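Engineer: predicted model and sequence below, questions to follow.
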There are 2 protein chains.
Amino acid sequence: MTLIIHSVTIITLEQRDDIFQGYVVIEDHKFTKVAKGSPTEEEQQTASRILDGKGKWLMPGLVNTHGHLGSALLRGAGDDMPLMTWLKQVMWPNEAQFDHETVLTAVKVAMMEMIKSGTTTFLDMYHLHMSDIAEIVIEKNLRAVLCRGMIGQCSQAEQEKKLAESTTFFKNYHGEGEGRVSIALSPHAPYTCPPAFLKRVAETAGKHHMMIHTHVSETRNEVDKHVSEYGIRPILHLKELGIFEHPVLLAHAVHVDETELTIIKEAEAAISHNPISNLKLGSGIAPLKQFHALGITVSLGTDSTASNNNLDLFEEMRMAALLHKGVNEDPTVTNAFDILKMATSQGATSLQIENTGVIAPGYQADFILINPATPHLTPNNEGTIMSHLVYSCKGSDVTDVFINGSPVYENEELQLFDEEKLLFNANLLAKKFI
Amino acid sequence: MTLIIHSVTIITLEQRDDIFQGYVVIEDHKFTKVAKGSPTEEEQQTASRILDGKGKWLMPGLVNTHGHLGSALLRGAGDDMPLMTWLKQVMWPNEAQFDHETVLTAVKVAMMEMIKSGTTTFLDMYHLHMSDIAEIVIEKNLRAVLCRGMIGQCSQAEQEKKLAESTTFFKNYHGEGEGRVSIALSPHAPYTCPPAFLKRVAETAGKHHMMIHTHVSETRNEVDKHVSEYGIRPILHLKELGIFEHPVLLAHAVHVDETELTIIKEAEAAISHNPISNLKLGSGIAPLKQFHALGITVSLGTDSTASNNNLDLFEEMRMAALLHKGVNEDPTVTNAFDILKMATSQGATSLQIENTGVIAPGYQADFILINPATPHLTPNNEGTIMSHLVYSCKGSDVTDVFINGSPVYENEELQLFDEEKLLFNANLLAKKFI
């Protein structure tokens, strides 16, 4: 099976200026050729499928490194309210009522939204029906890191049960779907996981060679409480507990000091920067400028639809690019190329996924096509594309999405979801909640 | 000519909870009826056109209170660079080469983008071919406030020439196009207009009863320089020069102190808040919380495509809603309803346009339809719509736009622009510049 896509402008994201008109050849889920110009006669004869890109832009698929798909039907259920009021009055009572159908419908709605806006890989941290979610990822040809989120405020027996669920989940699904599925170990956060449990998490990660994903230092209040309870800041504490001896992806890291940033850098841990969620919940603004100055791997996450409220990584890129220029009163703090890397190859690196996020031979064929024939992407030329992708493009400009070399969205049609039926069901189910 | 649109969910924006399924009747450019349920037999018989809204959302059209359409082809021409470098290396040399065709093509591309993303009224401050722009506004059935931007760093004779151009423009076009065109007097900014010239602007505004629109206190450096040059902060200075004796709309007002805010409030001047442009240029973050605490009229503006880089007011609404929650670490600082008012009726009030920005009898029939049948607007029910409009909706969800009761965008087709041809020309013209 050889696929050729020609007549596209390719944004490889390998180097800043690597933008040219050309074609790609895909075999066995990977790019085998990325070239200027047009495919040769011979290439065309040996291809099993040839697609005319009609002047569209071809770039790596986007990578969303933090989210909670299962609660997607709580989009808009409560906004503009203080964090604890929102959790206690909206999130927790509603989530307590979630049944199997609600969670899986929510997951599919979130997947459809992500695909339609150009996301090819995502991380999902949730506590319900994770094996079923893994099966959907496999069936729908998606790439994902799945984590059974563990809250440790329970008996030791329950903690061990959650750890066992996580390791069984890892054994059953890590590497499945031709390698599209990864499983990580996910303690919810230092404020919901006592130190002894976090130690057990670190031991378990070591034993099974698992990546750890956790929320940390999202709000100022959470850090203050941690310090008053344990006499130590959260990230220092995680280091003491052995968490950083394993591959780690931290979500948020909004309120971190210099010592903590040094720990993150030395541990080669990555940060999932979620600027929109952090703003919406009033959590604050993470120090992206310092992350980059230290050379920390930083990727982008949307968090859930209940705290964003969309899953469009083009918006997350734009927010990351704009916010830190403004906060620092310095437009040179971010640039379009670096932001695009955060949403692609740095995302893959954050998730311990190799050879993904660049359009080049040997890389996974996860990519998207964008239609530039619209006023907000005009003028369209090689010199402005990088800027347009970050500062003007919308998720709705994406017309085609390929994962592992196969189309999941083609000519603005989802290939493996019955969108109309799923949205109808989602609206029916949501009536129970909001 | 009576138009009925039925089977829509109406978001009137008159009161927070005014959301219901119903229909609207439009006659002579205005709503004559806005009601729950379905039109009566009699209403249907007397209508000249009946449209089935098919479950779409119907809300007031958006109002963009600050922009520069003429430079739209410089989108993406220079980003991520310091303000003065960008102005000197990118904006000014390129703008110096603009010919008539370039400016008018840019204007049309910007208009198409604004219409397609739901904007029905805009303000344009530019210095070239303003009469031709007014003719386009009239021809294309748009609503706009047009200002011949005046830089006062020139001889007194040239200053007077610019003032005369502005007043002639006012006499020729104010109220034209069935009242869709307004003309305002627009000194560029206190840092480009010497005090004596600003005094003449105030006198001229008084003589002709014109609204004044100016940039002010956009960057910290600009305010510092003003203080060191004149010994007084810019807004205090504008008050001394008589500017606030007339209706005033200030763009930006990022760096303002409490005394200045009191002046703005007492003068009943309005502020065009441009959060994305202010972030992108590294100007900073305007104190929206304080604006609202004082009861100042605040609307939203995109500024130009060269400093945003799009004209989608849904993005501007979302940024305004999110940014101030995060900066203040308080999610209650903004709410969806207030943000929607900023982008609609407060926009109209800022522009001295009456009876616009609410779906109610007697109001101008400027409105948009939105298709909610998409994952990112799911779940779709009356309780979540307000939230979705601010936190998840994209300009591309707009399917229909009516201005003054007439369709300018219907079923995702522009009615009065040849989009394909204009984009083709725009791309050709842009080759000269970037």
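Structural biologist: Perfect, I can see it now. Numbers count the residues shown, from 1 in each chain, chains lettered A, B, ... in the order given.
Engineer: when you work out contacts or count neighbours from here on, use the C-alpha atoms and nothing else.
Structural biologist: Will do.
Engineer: spell out which parts of the stretch 201-350 of chain A neighbour chain B.
Structural biologist: Residues of the stretch 201-350 of chain A found near chain B (Cα under 8 Å from any Cα of the partner chain) are A:276, A:278-285, A:308-311, A:321-336.
Engineer: let's see 7 Å
Structural biologist: With Cα under 7 Å from any Cα of the partner chain as the criterion, the stretch 201-350 of chain A meets chain B at residues A:278-285, A:308-310, A:322-323, A:325-327, A:329-332, A:334-335.
Engineer: which stretch of helix or strand covers A:Arg148?
Structural biologist: A:Arg148 is part of strand A:143-150 when elements are defined by DSSP states H and E.
Engineer: contact partners of that strand?
Structural biologist: A:120-127, A:130, A:137, A:162, A:166, A:180-188 (Cα atoms under 7 Å, 6 or more residues apart in numbering or on different chains).
Engineer: mind checking which of these land in strands?
Structural biologist: Using DSSP state E, the members of those that fall within strands are A:120-126, A:181-187.
Engineer: which pLDDT value belongs to A:Ile434?
Structural biologist: Note for A:Ile434: predicted pLDDT of 65.
Engineer: TSV for the ones in strands among the contacts of strand A:143-150, including neighbour count and distance to chain B?
Structural biologist: As requested, these are exported to TSV (neighbours: other Cα atoms under 10 Å in any protein chain shown; distance: Cα to the nearest Cα, whole Å):
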residue	neighbour count	distance to chain B
A:Thr120	28	16
A:Thr121	28	18
A:Phe122	26	16
A:Leu123	25	18
A:Asp124	26	17
A:Met125	28	20
A:Tyr126	21	20
A:Val181	23	23
A:Ser182	24	25
A:Ile183	27	26
A:Ala184	30	27
A:Leu185	28	29
A:Ser186	27	26
A:Pro187	26	25
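Engineer: now tabulate the residues you listed in CSV and tack on pLDDT.
Structural biologist: Putting the ones in strands among the contacts of strand A:143-150 into CSV (pLDDT from 0 to 100) gives the following:
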residue, pLDDT
A:Thr120, 98
A:Thr121, 98
A:Phe122, 98
A:Leu123, 98
A:Asp124, 98
A:Met125, 98
A:Tyr126, 96
A:Val181, 98
A:Ser182, 98
A:Ile183, 98
A:Ala184, 98
A:Leu185, 98
A:Ser186, 98
A:Pro187, 98
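Engineer: which of these sit farthest apart?
Structural biologist: Greatest spatial distance among the ones in strands among the contacts of strand A:143-150 (Cα to Cα): A:Thr120 and A:Pro187, at 24.8 Å.
Engineer: quick check: A:Thr120 touching A:Leu62?
Structural biologist: Yes. Taking contacts as Cα atoms under 7 Å, A:Thr120 lies within contact range of A:Leu62: 5.6 Å.
Engineer: burial measure for the residue lying closest to A:Asn371 once chain neighbours are set aside, as a count.
Structural biologist: Using Cα to Cα, 6 or more residues apart in numbering or on different chains and skipping the chain neighbours, the partner closest in space to A:Asn371 is A:Lys56 (5.0 Å). A:Lys56 is flanked by 22 other residues according to other Cα atoms under 10 Å in any protein chain shown.
Engineer: cool, and A:Pro407?
Structural biologist: Neighbours of A:Pro407 using other Cα under 10 Å come to 18.
Engineer: Three-state assignment for it, please.
Structural biologist: Here A:Pro407 is recorded as strand under DSSP: H, G, I helix; E, B strand; the rest coil.
Engineer: now do the contacts for it.
Structural biologist: Neighbouring residues of A:Pro407 by Cα under 7 Å, 6+ apart: A:Val401.
Engineer: pLDDT at it, what is it?
Structural biologist: pLDDT, A:Pro407: 98.
Engineer: likewise for A:Leu300?
Structural biologist: A:Leu300 is assigned 98 on the pLDDT scale.
Engineer: please confirm that A:Ile4 is located within a strand.
Structural biologist: Yes. Checked against three-state DSSP, A:Ile4 lies within a strand.
Engineer: any idea how far A:His29 is from the residue nearest to the spatial centre of chain A?
Structural biologist: For chain A, A:Asn64 is the residue whose C-alpha lies nearest the centre (Cα atoms, centre = their mean; 1.3 Å). Using Cα to Cα, to the nearest Å, A:Asn64 is found at 20 Å from A:His29.
Engineer: A:Ala184 now?
Structural biologist: A:Ala184 sits 23 Å away from A:His29, taking Cα to Cα as the criterion.
Engineer: cool, and A:Ile296?
Structural biologist: From A:Ile296 over to A:His29 (counting by Cα to Cα), the distance is 30 Å.
Engineer: now A:Ala35
Structural biologist: Taking Cα to Cα as the measure, A:Ala35 falls 18 Å from A:His29.
Engineer: understood, closing this out.
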